[in-house]
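In: model the following, please.
(chains A and B)
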Amino acid sequence: MHKLKKIAIAGVPNCGKTTLFNGITGARQKVGNWPGVTVEKIEGQFTINGHQATLVDLPGTYNLSPDTEDQRIAEKVIRAGEYDLILNVVDATNLSRNLYLTMDLKERTNQIIVLLNMVDAAEREGVEINAERLSKDLGLPVIPVIGVDKQSVKAAMLKIEEAVDQLPAHETHASEIEVMDTVKKYSHIDLICAQVMEEKKDRRVSFTNKLDTVVLNKFASVPIFFISMFITFWFAIGLGSVFIDFFDILGGLVFVDIPAAGMTAIGAPEWLIVVVAGGVGAGCQTVATFVPVVFFMFMALAILEDLGYMARVGVMADRFMRKIGLPGSAFIPMIVGFGCTVPAVLSARTLTTKRDRYMTIFMAPFMSCGARLPVYALFCAALFKRYSGLAVFMIYLSGLLLAIFTGFMLKSTLFKGTPSYFVMDLPLYHPPRFCAVVKNAWIRLKHFIRKAGAIVVAAVFVLSVLNSLGMKDGRVSFGNENSQDSVLAYAGKAIAPVFKPMGIAKDNWPASVALFTGMFAKEAIVGTVNSLYASMDMGSESEAPTAMDQPRSGDDEEGLDIAGTVGEAFGTVKDGFIDIVTSVDILGFGLIGEDEEALAGEIGAETAIYSHISKNFTAMSAFAYLLFVLVYFPCLAVIGAVRQEMGGFFAAVMAVYSTLLAWSIATLFYQITEGRNGIYMVLALLVLGVNYGGLYLIGKKTNSHLDDTPEDDDEERPSPCLACSSACAGKCPSAS
Amino acid sequence: MPDELSLSDIRKGEMYQVTGFDDAFSPYAEKLHKMGFVVGTPVERAPVATTDPMIVHIRGSRIALRRKEARAIRVKPL
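Out: The predicted structure is shown next:
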């Protein structure tokens, strides 16, 4: 009897592999990364023949000479032969193309069991497959299964255990196995299919094909596309933001208030409390606030994918994406970018060529993410009043235009390369399976928290230390949060002249300090300007809480009120749901319509801030500032993700490019509308030119590496930071 | 052959058969080949309005591809 330890589950994309994986392993899963790359590696434990074995879910792949990053992983793993057994999931509704992978697998190993999945769906399509015959023709055990049906999976497990005992002796090399070319493989497959498959209905009239005539209809396709995008956003951002305050308040309680109160009680020194509660704790709280939006975004995408609609979105987007030299599938990461740029950067992995991936990653940050919205909402409410909705819309539109601008610019400079092609499989439509979708989103979320969480916690930690550390009368002291004496405030004052051309006066230094904190997370800008303007009122003796604490309703001044805070947290969920039911609030634009007081409460600012903003900004300089906020340095979590995907060099290029672009766009806007200073205009154009020239020169050097369409297998990738094992970009405290 | 045409020109409602590739060395030709566009395989245009990318049915699956790429595949009516 074979003693199996490591088993891999392989199959083409959309063959129901992951559903089967979940069915077999149950809840015992862990997510990691394949060594050196950011493609998810999902492992689960299960019992086979009375002992424990590890099951690994390989990325879906059509063959073993694949062309995308995630598929390459599958090939690599199978080639290395580190698995004792491969469970090859074959989609019964698409036998012929699925068997191609089986043929490829057979060339590598003889330890294969075929799981003929979705036999029920095949039956509905009028296809009947003789599994016994198939097994005989393939020379492999074939077990029919319905992946979504628990009983069926259980029965299949018993059959797998039986089949394992009858597998031939292990052969790792392919010397005796006949290696066939593509044509031969397919003629072999055609022969098999003719014998084992019986088509009882005309498959061309299937439900999927009928639905496609509607979804891809000349007239209906565009409205359907927009409606589905709208629902996606409403779901991800609307539903996600219902829980933001909940996570924020509870996170604040658990990570900041309780540790702070506890440490005060045992008499810990103030600096330690600042570091632990205000630094690490506030960092964890920040991570907690974007958990709901990211989760619902992943879930919305999982639903679209499970439904089979995502591929159709790619088909429709191809018409305009090709104009900037990208395939339609590059549109999907951009949509994700409206929620959060980090998953957008990661989802570019599914693209075929390196050039397509890189270009998509560069464009994704211009899709204004959810974290930037509170900043727009605050400034627009203060200055644009009734027209704030329009103003925010203009900013989103500017982002879109700048993404297109960037696309054209990159096409002729940094990423010249060969124009890409677009070939895409359109899967069958089927109703999304709730459990699978939630599980999928949950696994991705866990992964995301681990990856992005570490860097955000580290960044907030550094920030709050700089914010607290101050110098007064030549003495170094702590507790200068958001006062004029903190290191951060000094830095802000020092850099203020740089922002003068875009309309920020020198005494408006809080606005420039906020741009620093915005590098960590853009929503932090709200908290920073709020407390800095407040401290300007009070003079230097400020008791204001830290910037990161600010976006929370501060009812904890009178000590710790755990029950009250928890109650408040649940209250926000209730209020949120009432909001969401009464208004279909896409992108949270409802924030914009609200009166000032309500808005201030919602985004955690004080009403006095409006007078400060309108005192310090004009409408045009505020818009210029918001343009800058939109475009400049994507937050650190994004840079971390980019570094992982493209390497440190391109991450740095992106940081510099976007910041220079932001400065010149904001300056041009302000000078044209209000400043009327010719020198600054010329300077802005000059910076734009330098940006272009820089990209061109860098492109000249790097383009040769990008031109090879299939990516090099063993290319060097930046290894994750050893100190915190994540995309910290060397910024985490432990890696210096 | 007189009645040979490229995949990009096929009409809806008629069956065709792949006869070969024009640009066999391009990366997408290789990909299409592996996807099942091999000589002798029946192929049909999907009855949808989208023309570019176009959608074809092959081996029981639906594949979207640009007309430019489709031009590389030669077919003949069945």
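In: so the worst-scoring helix or strand of chain B on mean pLDDT, near chain A or not?
Out: Within chain B, no helix or strand scores below helix B:27-35, which has a mean of 82 by mean pLDDT, DSSP states H and E. Yes: applying C-beta under 8 Å from any C-beta of the partner chain, one finds helix B:27-35 touching chain A at B:27-28, B:31-35. To be clear about C-beta, it is placed using only N, CA and C from the backbone, and glycine gets the same treatment.
In: between the longest strand out of those in chain B and helix B:27-35, how many degrees?
Out: In chain B, ranked by residue count with DSSP state E as the criterion, the top strand is strand B:15-21. Angle of strand B:15-21 versus helix B:27-35, following axes from the mean of the first three to the mean of the last three C-alpha atoms, to 10 degrees, is 130 degrees.
In: strand B:15-21 near chain A anywhere?
Out: No: using C-beta under 8 Å from any C-beta, strand B:15-21 stays clear of chain A, coming no nearer than 10.3 Å.
In: list of residues touching that strand?
Out: B:1, B:4, B:7, B:10, B:29, B:32-33, B:37-44, B:72-78 (C-beta atoms under 8 Å, 6 or more residues apart in numbering or on different chains).
In: got it, and stretch A:499-512?
Out: By C-beta under 8 Å, 6+ apart, stretch A:499-512 touches A:489, A:492-493, A:495-498, A:515, A:528-529, A:532-533, A:536, A:616-618, A:620-621, A:624-625, A:628, A:663, A:666-667, A:669-671, A:674-675, A:677, A:680, A:683-684.
In: what parts of the stretch 301-450 of chain A come near chain B?
Out: Counting by C-beta under 8 Å from any C-beta, the residues of the stretch 301-450 of chain A near chain B are A:311, A:314-316, A:318-319, A:322, A:328, A:421-426.
In: go ahead and build a PyMOL selection from the buried members of the residues of helix B:27-35 next to chain A.
Out: Restricted to buried positions by 16 or more other C-beta atoms under 10 Å in any protein chain shown, the PyMOL selection for the residues of helix B:27-35 next to chain A reads:
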select buried, chain B and resi 27+28+31+32+33+34+35
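In: relative to chain B, how far out is A:Tyr358?
Out: 17 Å (C-beta to the nearest C-beta, to the nearest Å).
In: mind telling me what element that residue is part of?
Out: A:Tyr358 is part of helix A:354-363 when elements are defined by DSSP states H and E.
In: so what does that helix touch, helix or strand wise?
Out: helix A:331-337, helix A:388-412, helix A:636-646, helix A:648-670, helix A:678-706 (3 or more C-beta pairs under 8 Å, 6 or more residues apart in numbering or on different chains; DSSP states H and E).
In: can you list phi and psi of A:Ile9 for me?
Out: Main-chain dihedrals, A:Ile9, degrees, to the nearest 10: phi -110, psi 120.
In: let me know the secondary structure of the closest residue to it other than its chain neighbours.
Out: Sequence neighbours aside, A:Leu87 is the residue nearest to A:Ile9 in space, at 4.6 Å (criterion: C-beta to C-beta, 6 or more residues apart in numbering or on different chains). What DSSP: H, G, I helix; E, B strand; the rest coil gives for A:Leu87 is strand.
In: any idea how far A:Ile160 is from A:Leu87?
Out: 7 Å (C-beta to C-beta, to the nearest Å).
In: same thing with A:Met229?
Out: Distance from A:Met229 to A:Ile160, by C-beta to C-beta: 41 Å.
In: who's more crowded, the two?
Out: A:Ile160 (22 against 15; other C-beta atoms under 10 Å in any protein chain shown).
In: quick one: that one and A:Lys41, what's the gap?
Out: From A:Ile160 over to A:Lys41 (counting by C-beta to C-beta), the distance is 22 Å.
In: at which residues are the strands of chain A located?
Out: A:6-11, A:29-33, A:40-48, A:51-57, A:85-91, A:112-117, A:127-129, A:142-145, A:197-199, A:423-426, A:470-472, A:475-477.
In: and the first one, what does it pack against?
Out: Think strand A:6-11. helix A:17-25, strand A:51-57, helix A:69-80, strand A:85-91, helix A:95-108.
In: A:Gly252: which of these is closest?
Out: Comparing the helices and strands packed on strand A:6-11 against A:Gly252 with C-beta to C-beta, the closest turns out to be helix A:17-25 (34.3 Å).
In: hey, C-alpha coordinates of that closest one in CSV?
Out: What follows is helix A:17-25, C-alpha atoms only, in CSV (Å, rounded to 0.1, in the frame of the first residue of the first chain):
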residue,chain,number,x,y,z
LYS,A,17,-10.9,22.4,-8.6
THR,A,18,-11.1,24.7,-5.6
THR,A,19,-14.6,23.5,-4.7
LEU,A,20,-13.4,20.0,-4.7
PHE,A,21,-10.4,21.0,-2.7
ASN,A,22,-12.6,22.6,-0.1
GLY,A,23,-14.9,19.6,-0.1
ILE,A,24,-12.0,17.2,0.6
THR,A,25,-10.1,19.2,3.2
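In: what are the contacting residues of that helix?
Out: So helix A:17-25 is contacted by A:9-11, A:29, A:42, A:44-46, A:55, A:57-58, A:60, A:87, A:89, A:115, A:117, A:145, A:147-148, A:150, A:153, A:157, A:433, A:435-436, A:439-440 (C-beta under 8 Å, 6+ apart).
In: and the spatially closest residue to A:Gln285 that is not a sequence neighbour, what does it touch?
Out: Of all residues not flanking A:Gln285 in the chain, A:Gly251 sits nearest, at 3.9 Å (C-beta to C-beta, 6+ apart). Contact analysis of A:Gly251 by C-beta under 8 Å, 6+ apart lists A:284-285, A:287-289.
In: show the pLDDT at A:Gly251.
Out: Confidence at A:Gly251, expressed as pLDDT, is 85.
In: one more: A:Gly453?
Out: pLDDT at A:Gly453 comes out at 69.
In: which parts of chain B are strands?
Out: Listed in chain order, the strands of chain B (DSSP E) span B:5-6, B:15-21, B:42-45, B:54-58, B:61-65, B:73-77.
In: of those, which is nearest A:Gly279?
Out: Here strand B:61-65 is closest among the strands of chain B (C-beta to C-beta), at 50.1 Å.
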